[in-house]
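Undergrad: Predicted model, plus sequence, below.
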Amino acid sequence: EFDIRPQQTAMAEAVAGALSAPSHLAVEAGTGVGKTYAYLLPLIRHALRSGEPAAVSTYTISLQEQLVFKDIPFLQRHIGLDFKVASGKGRGNYICLRLLKRARRMGGDLFVPSQALEVDRIWDWAMQTTDGSLSDMADQPRSDIWAQVGSEADNCLGERCPHRLGGSCFLARARARAEAAHVVIVNHALLLSDVALEGRLLPDFQHLIIDEAHLVNPNGSDAGRYRKLLTDLAKTCNFRAVGLTATPFRGNGVWLTDGEAPLFTGIAATITVQELLDAGYLAPLVRPSDVLATRIDTSDIKTTSGDYNLGDLAERVDTYLPAAAAESASIAADRKKWIAFLPTVAGAQHFVDCLGAVGVHAALVCGETPAKERASLIDDFRAGRLRCLVTVLALATGFDVPDVDCILWLRPTISPVLYLSLIHI
């Protein structure tokens, strides 16, 4: 079922106009707008019509995979356009079959028995995978073993490699798909590496969508990675950039349009949280009770870089977790999908244990959670098999479960950017 959202339509029209003009564009669009489809559809249509390839850069690999495996297949099924999309990941994400064969052949000389077993496990996976990248592995390999078998520039034989010549090199196949695609989906780390290597990692593209544009540094004297990215890209190709953000200001409260020499001189299109609340696309936050028994006292915690000192805060919050779990089980007894935010991973795991002690099925999702496990936990949460996901920041981006009906806020902050990033899920 599809609802027409005027804000989403306005954003799509603004993106289409910027691509055709051509011009750069900054769009402020909070959670609930549907900004992914609002930029993907005009970008795909423009790439097909003009014959000019395009790229989308996301903040994390998990967001990148959400686009490739969820959002784009949806469009391919429903918009009636025949287009090709490829995912671009850094070289180190791919297995090198030549190095893997060498590792198996020299197993006893290079590895202790436990390491040799890990090499065998990787080999079994490599014989079955069609992707050849880390994200395709259910259980991530040991880093010391992957360092011996993963693709790396210094050990690459290039066109002299038998696997490249035979068509079985996973990295070469991924790059060939990218060359043939209308749209390439990458992450910021790969995009920045491509700039540093003067365009040798990614195919040439004429249009670029950058998500999380609020990371752009506003000061000309300390331009930061995005200004360098755009400046260096201009040396190797002509392109138009569209910046998207739900919070048009940085962690220190400075707006994107402020500073000595801001990269963005204005916000071209703005969709406010209040508009989305009024239209019913966002749910307002409602206090469960006028009086909460568990209130975290932060009055004597020092601040560092605009927020509470993380070590002191985590120590303080930890003392409240058993009581917070018990009170949550009482006042949120009728709620089906909970998300809890904690200051640290250790604290988040402690809260999972506290919730389990009061009969609430919960699990931890953090930045170190393997992609396959993360996806499985979110699927269980979405289906109601898991009641609460406990996290630090891992669910601030790339998370789409619209029927969340309870937020457990155990991460006190005085940073408006952090607060909005977490609350906007």
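TA: Now that the structure is in, tell me what you want to look at. Nothing here was measured: the structure is a model prediction, and the numbers come from that model.
Undergrad: Low-confidence stretches in the stretch 301-425 of the chain?
TA: Confidence mapping of the stretch 301-425 of the chain against pLDDT under 70 gives the ranges 394-399, 417, 420-425.
Undergrad: please redo it, this time with the cut-off set to 90
TA: Flagging of the stretch 301-425 of the chain using pLDDT under 90 yields the residue ranges 303-307, 310, 366-376, 378-379, 392-405, 407, 413-425.
Undergrad: That one: helices as residue ranges?
TA: With helices called from DSSP state H, counting those that start in this stretch, the stretch 301-425 of the chain shows them at 310-331, 345-357, 371-383, 416-423.
Undergrad: for residue 341, what are its contacts?
TA: 391, 392, 407, 408, 409, 410, 411, 422 (Cβ atoms under 8 Å, 6 or more residues apart in numbering). In this view, the C-beta of every residue, glycine as well, is placed from N, C-alpha and C.
Undergrad: Widest-spaced pair of the residues you listed?
TA: 392 and 407 (14.2 Å; Cβ to Cβ).
Undergrad: The two: which is more packed in?
TA: More neighbours surround residue 392 than the other of residue 392 and residue 407, with 21 against 17 (other Cβ atoms under 10 Å).
Undergrad: And stretch 77-97, end to end?
TA: For stretch 77-97, the first-to-last residue distance is 34 Å (Cα to Cα, to the nearest Å).
Undergrad: Buried ones in it, by neighbour count?
TA: Across stretch 77-97, burial judged by 16 or more other Cβ atoms under 10 Å covers 85, 86, 87, 88, 89, 90, 91, 93, 94, 95, 96, 97.
Undergrad: Just the pLDDT at the second one, thanks.
TA: According to the model's per-residue confidence, residue 86 sits at a pLDDT of 91.
Undergrad: Start the count at 44 instead of 1 going forward.
TA: Will do, 44 is the new start, and the previous item becomes residue 129.
Undergrad: Which of the three states applies to it?
TA: strand (DSSP: H, G, I helix; E, B strand; the rest coil).
Undergrad: That one and residue 100, how far apart?
TA: 14 Å (Cβ to Cβ, to the nearest Å).
Undergrad: and if you look at the third one?
TA: Between residue 130 and residue 100 the distance, using Cβ to Cβ, works out to 12 Å.
Undergrad: Need the residues touching each of these two.
TA: residue 229.
Undergrad: ok, what's across the strand from residue 286?
TA: Bridge pairing for residue 286 (DSSP bridges) gives the partners residue 69, residue 253.
Undergrad: Correct me if wrong: it contacts residue 69.
TA: Yes. Between residue 286 and residue 69 there is a contact under Cβ atoms under 8 Å: 4.3 Å.
Undergrad: follow-up on the earlier one: would you turn the contacts of residue 384 into CSV with distance to residue 91?
TA: Shown next, in CSV, are the contacts of residue 384 (distance: Cβ to Cβ, whole Å):
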residue, distance to residue 91
434, 38
435, 40
450, 41
451, 45
452, 44
453, 47
454, 44
465, 37
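Undergrad: Just give me the closest of these to residue 321.
TA: residue 450 (20.6 Å).
Undergrad: which residue sits closest to that closest one, ignoring its sequence neighbours?
TA: residue 382 (5.6 Å; Cβ to Cβ, 6 or more residues apart in numbering).
Undergrad: That neighbour and residue 406: what is the separation?
TA: On the measure of Cβ to Cβ, residue 382 and residue 406 end up 11 Å apart.
Undergrad: which residues are common contacts for these two?
TA: 431, 432, 433.
Undergrad: Contacts only, for the first one.
TA: This means residue 431. Contacts of residue 431 by Cβ under 8 Å, 6+ apart are 380, 381, 382, 383, 398, 403, 404, 405, 406, 451.
Undergrad: Then the second one?
TA: Applying Cβ under 8 Å, 6+ apart, we find residue 432 in contact with 381, 382, 383, 405, 406, 407, 408, 420, 421, 424, 438.
Undergrad: Turn the residues you listed into CSV, including neighbour count and distance to residue 367.
TA: Output for the contacts of residue 432, formatted as CSV (neighbours: other Cβ atoms under 10 Å; distance: Cβ to Cβ, whole Å):
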residue, neighbour count, distance to residue 367
381, 21, 12
382, 21, 14
383, 26, 9
405, 22, 12
406, 22, 17
407, 21, 16
408, 20, 18
420, 17, 21
421, 21, 23
424, 24, 20
438, 21, 18
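Undergrad: Of all pairs in these, which one is the farthest apart?
TA: 383 and 421 (14.6 Å).
Undergrad: Looking at strand pairing, list the partners for the residue nearest to residue 450.
TA: Bridge pairing for residue 382 - DSSP bridges - gives residue 432, residue 450.
Undergrad: so it touches residue 448, yeah?
TA: No. Between residue 382 and residue 448 there is no contact under Cβ under 8 Å: 9.7 Å.
Undergrad: Can you tell me what sits against stretch 184-198?
TA: Under Cβ under 8 Å, 6+ apart, the answer for stretch 184-198 is 134-139, 142-143, 146, 153-154, 158, 161-162, 164-165, 177, 213-214.
Undergrad: Give me the distance from it to the chain's centre.
TA: 24 Å (Cα atoms, centre = their mean, to the nearest Å).
Undergrad: Which residues belonging to that stretch are considered buried?
TA: Across stretch 184-198, burial judged by 16+ other Cβ under 10 Å covers 184, 188, 189, 191, 192, 193, 194.
Undergrad: follow-up on the earlier one: quick one: closest of the helices of the stretch 344-468 of the chain to residue 300.
TA: It is, among the helices of the stretch 344-468 of the chain and with distance given as Cβ to Cβ, helix 459-466, at 15.5 Å.
Undergrad: on that earlier part again, nearest to residue 366 among the buried residues of stretch 184-198?
TA: Looking across the buried residues of stretch 184-198 and measuring by Cβ to Cβ, the closest to residue 366 is residue 184, at 40.4 Å.
Undergrad: What separation is there between the closest one and residue 57?
TA: For residue 184, the distance to residue 57 - Cβ to Cβ - is 44 Å.
Undergrad: cool, residue 229 as well?
TA: Taking Cβ to Cβ, one finds residue 229 at 23 Å from residue 57.
Undergrad: do residue 203 as well
TA: Distance from residue 203 to residue 57, by Cβ to Cβ: 49 Å.
Undergrad: which stretches of the stretch 94-243 of the chain form strands?
TA: 97-101, 128-130, 226-230 (DSSP state E, counting those that start in this stretch).
Undergrad: contacting residues around the first one?
TA: Outside strand 97-101, the residues within contact range by Cβ under 8 Å, 6+ apart are 82-83, 86-87, 89-90, 107, 110, 225-231, 234, 245, 248-255, 441.
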